[in-house]
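**Q** what would the 3D arrangement of this be:
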Amino acid sequence: MNNRINFNVYETSPHDCNYLPNRLATTVFVDPYFRKKISLYDKLSQQGFRRSGEHIYRPQCQGCNACIAVRVPVKQFVPRRSQRRTWQRNQDLIVSAAAPKFNPRHFELYCRYLAARHEGDGMDNPTKNSYMDFLTSTWSNTVFYEFSVKKQLLAVAVVDHLEKGLSAMYTFFDPDYSARSLGVYAVLWEIEEVKRLNLDWLYLGYWVKDCRKMSYKTEYQPLEYFYQGTWLRAKG
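**A** Okay, here's the model as predicted:
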């Protein structure tokens with residue numbers, strides 16, 4: 001039986017890089033009119049692709065390979081001392097699953113998060129449509145995980161469920177609770193959720209060595225990175 005799936009892949013024109021200054025970036029993406037399924041997304045995730053809204057994409061820049069897809073093999077994951085402290089600090093949080101639909105409470109938290117963490121970089125001042133277009137799609141198995149304490153929403157982790165793992169799509173949290181390290185806790189919780197589901201990997205997106213906002217991903221060890229068509233084990 002031939003299981004090969006044929007589809008077109010397109011390449012964008014060079015545009016300003018979102019991660020490194022004075023660089024031009026190029027992105028390849030699956031034909032937006034091609035009917036996508038979770039099985040395709042799962043296979044392409046294993047080839048370094050990610051989802052943004054309806055699109056499945058991967059950076060492919062001429063003369064630059066700084067964006068490296070990374071994932072955590074959860075069964076071998078060993079938390080660091082600081083991560084164990086973060087885990088204990090947040091044991092009062094209640095995590096619940098919500099459908100990927102517009103929720104005013106989520107959107108208000110998202111706006112506050114962007115205003116505090118991404119001011120001036122093009123992500124602030126979102127609209128309802130840009131928010132939903134970024135985080136959701138008609139074909140992915142996406143869950144909005146709510147992290148709350150005493151019915152107060154502190155964080156939302158947007159996660160795509162794949163056949164062999166979870167993909168950490170995006171996390172936003174209340175900037176007034178920075179002492180909780182909610183972003184770290186969300187990743188630790190996702191790792192535990194992958195284990196609970198008896199799956200293999202938590203995909204963390206792209207790691208960029210010289211981008212401070214992406215450097216945190218090497219804190220989760222062991223870490224595998226996709227390089228020249230192969231997943232390799234990275235050392236922290």
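
**Q** in contact with Pro175, which residues are there?
**A** Counting by C-beta atoms under 8 Å, 6 or more residues apart in numbering, Pro175 touches 112-113, 116-117. (Each C-beta comes from the backbone N, C-alpha and C, glycine too.)

**Q** ugh, wrong one, I meant Lys75
**A** Contacts here follow C-beta under 8 Å, 6+ apart; on that basis Lys75 touches 195, 200.

**Q** let's verify it: helix, strand, or coil?
**A** In the three-state summary, Lys75 is assigned as helix, counting by DSSP: H, G, I helix; E, B strand; the rest coil.

**Q** thinking again about what came up before, please check the contacts of Pro175 and keep the buried ones.
**A** Buried subset of the contacts of Pro175 (neighbour count, 16 or more other C-beta atoms under 10 Å): 113, 117.

**Q** now intersect the contacts of Pro175 with the helices, please.
**A** Using DSSP state H, the subset of the contacts of Pro175 located in helices is 112-113, 116-117.

**Q** now do the residue nearest in space to the middle of the chain, the pLDDT please.
**A** Geometric centre of the chain, nearest residue: Met169, 2.9 Å, by C-alpha atoms, centre = their mean. According to the per-residue confidence, Met169 scores 97 in pLDDT.

**Q** make sure it is indeed in a strand.
**A** Yes. Using three-state DSSP, the assignment for Met169 is a strand.

**Q** identify the residue spatially nearest to it, adjacent ones excluded.
**A** If the residues on either side of it in the chain are set aside, Met169 comes closest to Val158, at 4.3 Å by C-beta to C-beta, 6 or more residues apart in numbering.

**Q** now the contacts of Pro175 in CSV, with pLDDT?
**A** Conversion of the contacts of Pro175 to CSV gives the following (pLDDT from 0 to 100):
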residue, pLDDT
Arg112, 94
Tyr113, 95
Ala116, 89
Arg117, 81
